[in-house]
Structure formats: structure tokens, C-alpha cells
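K.L.:
Fold the following for me, if possible:
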Amino acid sequence: MDDYLEQVKVMSFEESMDALEGLVKRLESGGIDLDESLRIYEQAVALRDHCRSILEDGERRIRKIMETADGVKEEDLDLE
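P.N.:
The predicted model follows:
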């Protein structure tokens, strides 16, 4: 799973969403044993968290741009 997490970290939002959709389709198709279903679910959670992180970062960037455009300069904390 650690190798998969490293792969997810470098994926774009679009790549992550495509991979997540593929995993959901596999789960919905059925015929997968419990161990494989759990592995797929773990991967899906990692992808979901990665997408959420990218969206939150984008929201912070947009807020920063809008505040600067309005004359209010307010910097968010750099979480990295």
C-alpha cells in the first residue's frame, strides 16, 4: 500500500479522479472477493483524500487571489 500512496502523491487531480472512477466500477461490477474489495477500498480512500487535498489547496489559492484583487491582502498559512 505504501507504494500505491507514493504513486497517488504525484497524480494530478484528473488522473486521481480517473483512477477513483475505475476502482468504483470494479467494486460495482461484483465478483470480487473480500480481500480484493478491501484493497480497492483502501486505494479509493487514498485517492479521495488526495483529490480533497488538491481541491482545498486550489480553494486557498483562489481565496488569496480574490482577497488581493479586492485590496485585502491576507496570506494563508503555508501548511507544507
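
K.L.:
And the pLDDT for A69?
P.N.:
With respect to pLDDT, A69 has a value of 66.

K.L.:
I meant R63, not that one.
P.N.:
For R63, pLDDT reads 85.

K.L.:
three-state assignment of it?
P.N.:
Here R63 is recorded as helix under DSSP: H, G, I helix; E, B strand; the rest coil.

K.L.:
Count residues in the vicinity of it, would you?
P.N.:
12 (other CB atoms under 10 Å). C-betas here are computed from N, CA, C, even on glycine.

K.L.:
cool, C51 as well?
P.N.:
19.

K.L.:
roughly how far apart are it and E15?
P.N.:
For C51, the distance to E15 equals 10 Å [CB to CB, to the nearest Å].

K.L.:
From the centroid of the chain, which residue is nearest?
P.N.:
For the chain, C51 is the residue whose C-alpha lies nearest the centre (CA atoms, centre = their mean; 1.7 Å).

K.L.:
Can you tell me the closest non-neighbouring residue to that residue?
P.N.:
S16 (5.0 Å; CB to CB, 6 or more residues apart in numbering).

K.L.:
so where does that neighbour fall, helix or strand?
P.N.:
Per DSSP states H and E, S16 falls inside helix 13-29.

K.L.:
Flag every buried residue along that helix.
P.N.:
S16, M17, A19, L20, L23, R26 (16 or more other CB atoms under 10 Å).

K.L.:
ok, now stretch 43-55?
P.N.:
Q43, A44, A46, L47, H50, C51, I54.

K.L.:
Same check on stretch 34-41?
P.N.:
I40.

K.L.:
Just the C-alphas of that stretch, formatted as CSV.
P.N.:
What follows is stretch 34-41, C-alpha atoms only, in CSV (Å, rounded to 0.1, in the frame of the first residue of the first chain):
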residue,chain,number,x,y,z
LEU,A,34,-13.4,-9.6,0.3
ASP,A,35,-9.6,-9.2,0.5
GLU,A,36,-9.6,-7.6,-3.0
SER,A,37,-12.6,-5.4,-2.1
LEU,A,38,-10.8,-4.1,1.0
ARG,A,39,-7.6,-3.4,-1.0
ILE,A,40,-9.6,-1.5,-3.6
TYR,A,41,-11.4,0.4,-0.9
